[in-house]
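Trainee: the following block contains a protein sequence and its predicted model.
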Amino acid sequence: MAKALTNDMTAGNPVRHIIKFTVPLLIGNIFQVLYNMVDTIIVGRTISVEALAAVGAAGAIMFLIVGFAQGFTNGLSIIVAQRFGANDMPGVRRSVGMGIYLSVAASIVLTLISMLSARTLLELMSTPDNIIDDAYSYIIVIYAGIVFQIFYNYISCVIRALGDSKTPLYFLLISCVINIVLDLVFIINFHMGVAGAGLATIIAQAVSGILCLLYVAKKFPQLHLKKEDFKWENKFALKHLGLAVPMAFQMSVTAIGVMVVQAVLNSFGSTVIAGYTAANKIEQLISQPQISFGMAMATYVGQNYGAMNEKRIKEGVSKCALIVLGLTLVIVLIVLIFSRPIASVFLDAGTDPALRDNVIFYTSTYFKAAAVFYFALALLFVYRNSLQDMGNSGIVLCGSAAELIARIVLSLLMARTLTYNYGEFYGYLGVCIAGPIAWLSACTLFMVSYFKNVHKLPEIFKKRSEFKELDARASIE
């Protein structure tokens, strides 16, 4: 049973492997996005536009910590994928054991830092007085549950590293239902406000993590760890951190850019914030096909890198890039045609018509500005994840830094300049364009780096093979 659950992506048709892996991953990612999206919809429709804006304002600093945690756990699983591709199951278990140590440490540190800094960050971002208390109530509950997010994310990443993208999906579906039910109960029945939405999310994630762990214990005997798998080795820990920390910071520097954008938006008032929040939630959902194919490439490239098969890496990456570009064309058409009716889902029918129209207007404006850049975003996910699992974590971090600088400079410059010269609407339009231009700058760097590094793989693999032969001879002698 366990053997059937795993997926060796080092042989067979690359496109078939990638699509087979991506489909359940896509469904799972969509439901994971629904955690926050359902919170936002229920808050906007059952409480107020101000509460919707509060969740949006909190979302920027939430991504700072939650994004770091997700990047960290994704990075920890890279060696698992590489060892699995090399058919080294003892190495897989040792990597998982080390990942558990590092995940526990990250949970403790991130929880302390985030809960102590939450209010200060909201104030530094100039969060409007009429929403700051609700924003804090929401974010502090989310931060209290970081341990559950890391718990679930790491188990999921390990399972995906073995080629199984279905198992995490099953428990996400269950958790999404739990989240929706608890949202309604906590907000409508218990009148807990935005804090109830946050509590529903972390309870659902905790349930998902526990169920996933129990299933793995029963169905994945190759992941049953023994005492020797928990042996601490400094070099092995540093090897994991060398991959996990850059991925974590990559997510965090992106979050810092989002925070700067949010700080600029906060100066425009709660109506603009609400419109941008709705656009951001919609974008998180519609970008999941691109994100999912990027995640699939992380496992595909990681396994084939471990198997030292450069031809399959080149073939898989190039064909995946074509697939995501085709999907992106469909996504662009959808957001340009249906952004206004989709945005209306976030607002109660009883909302003041003028206020409702303004929120929807700012939402659709974002998509008109950003849609053409989705092609760069699609390629960014493919090439960034491929580079990471080829061991090029340094360039991934540099690309993230380039994206951060572009996002910060452009959002501040364009918002202030355009607002001063042409008015608030054009200032908002400048903010909308800043992020997409940052995607383009990072994507360009990743693509150039990928094509430069992929040609070096035969030489790298030749050296690795020679080293293995020498090591095998030494052990025989």
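Mentor: Sure, I can see it. Numbers count the residues shown, from 1 in each chain.
Trainee: start and end of stretch 343-356, how far apart?
Mentor: Across stretch 343-356, the terminal residues are separated by 10 Å (Cα to Cα, to the nearest Å).
Trainee: over it, what's the mean pLDDT, rounded is fine.
Mentor: Mean pLDDT, stretch 343-356: 76.
Trainee: so which bits of it are buried?
Mentor: 343-344, 346-347, 351, 356 (16 or more other Cβ atoms under 10 Å). To be clear about C-beta, it is placed using only N, CA and C from the backbone, and glycine gets the same treatment.
Trainee: which of those sit farthest apart?
Mentor: Ala343 and Thr351 (12.0 Å; Cβ to Cβ).
Trainee: related to what we said a few turns ago, can you lay out the buried residues of stretch 343-356 as JSON lines showing distance to Val33 and secondary structure?
Mentor: Formatted as JSON lines, the buried residues of stretch 343-356 follow (distance: Cβ to Cβ, whole Å; DSSP: H, G, I helix; E, B strand; the rest coil):
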{"residue": "Ala343", "distance to Val33": "16", "secondary structure": "helix"}
{"residue": "Ser344", "distance to Val33": "19", "secondary structure": "helix"}
{"residue": "Phe346", "distance to Val33": "14", "secondary structure": "helix"}
{"residue": "Leu347", "distance to Val33": "19", "secondary structure": "coil"}
{"residue": "Thr351", "distance to Val33": "24", "secondary structure": "coil"}
{"residue": "Arg356", "distance to Val33": "24", "secondary structure": "helix"}
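Trainee: quick one: low-confidence parts of the stretch 151-300 of the chain?
Mentor: Along the stretch 151-300 of the chain, the parts satisfying pLDDT under 70 run over 254.
Trainee: all helices for it, in order.
Mentor: 167-184, 194-219, 234-266, 270-286, 288-306 (DSSP state H, counting those that start in this stretch).
Trainee: mind exporting the C-alpha coordinates of the first one to CSV?
Mentor: Listed next in CSV are the C-alpha coordinates belonging to helix 167-184 (Å, rounded to 0.1, in the frame of the first residue of the first chain):
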residue,chain,number,x,y,z
THR,A,167,-2.9,12.2,1.0
PRO,A,168,-2.6,15.8,2.2
LEU,A,169,-5.6,16.7,0.0
TYR,A,170,-8.0,14.3,1.8
PHE,A,171,-7.4,16.0,5.2
LEU,A,172,-7.5,19.5,3.8
LEU,A,173,-11.0,18.8,2.4
ILE,A,174,-12.1,17.7,5.9
SER,A,175,-10.5,20.7,7.5
CYS,A,176,-12.0,23.2,5.0
VAL,A,177,-15.5,22.0,6.0
ILE,A,178,-14.6,22.3,9.7
ASN,A,179,-13.3,25.8,9.1
ILE,A,180,-16.5,26.9,7.4
VAL,A,181,-18.7,25.5,10.1
LEU,A,182,-16.6,26.9,12.9
ASP,A,183,-16.5,30.3,11.2
LEU,A,184,-20.3,30.5,11.2
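Trainee: packing partners of it?
Mentor: Judged by 3 or more Cβ pairs under 8 Å, 6 or more residues apart in numbering; DSSP states H and E, the packing partners of helix 167-184 are helix 14-46, helix 146-161, helix 194-219.
Trainee: packing partners for the second one?
Mentor: Helix 146-161 sits against helix 49-76, helix 78-85, helix 89-124, helix 167-184, helix 194-219, helix 288-306, with contacts defined as 3+ Cβ pairs under 8 Å, 6+ apart.
Trainee: list the buried residues of the shortest one.
Mentor: When you say that, I think you mean helix 78-85. Buried residues in helix 78-85, counted by 16+ other Cβ under 10 Å: 78-85.
Trainee: pLDDT of it, averaged?
Mentor: pLDDT averaged over helix 78-85 gives 88.
Trainee: which one is Val261 nearest to, not counting chain neighbours?
Mentor: Ser411 (4.8 Å; Cβ to Cβ, 6 or more residues apart in numbering).
Trainee: that neighbour: how many residues sit nearby?
Mentor: 26 (other Cβ atoms under 10 Å).
Trainee: distance of it from Ile187?
Mentor: 32 Å (Cβ to Cβ, to the nearest Å).
Trainee: now Gly75
Mentor: Taking Cβ to Cβ, one finds Gly75 at 35 Å from Ile187.
Trainee: one more: Gly99?
Mentor: 36 Å.
Trainee: wait, which of the helices of the stretch 151-300 of the chain is closest to Thr10?
Mentor: Of these, nearest to Thr10 by Cβ to Cβ is helix 288-306, at 5.4 Å.
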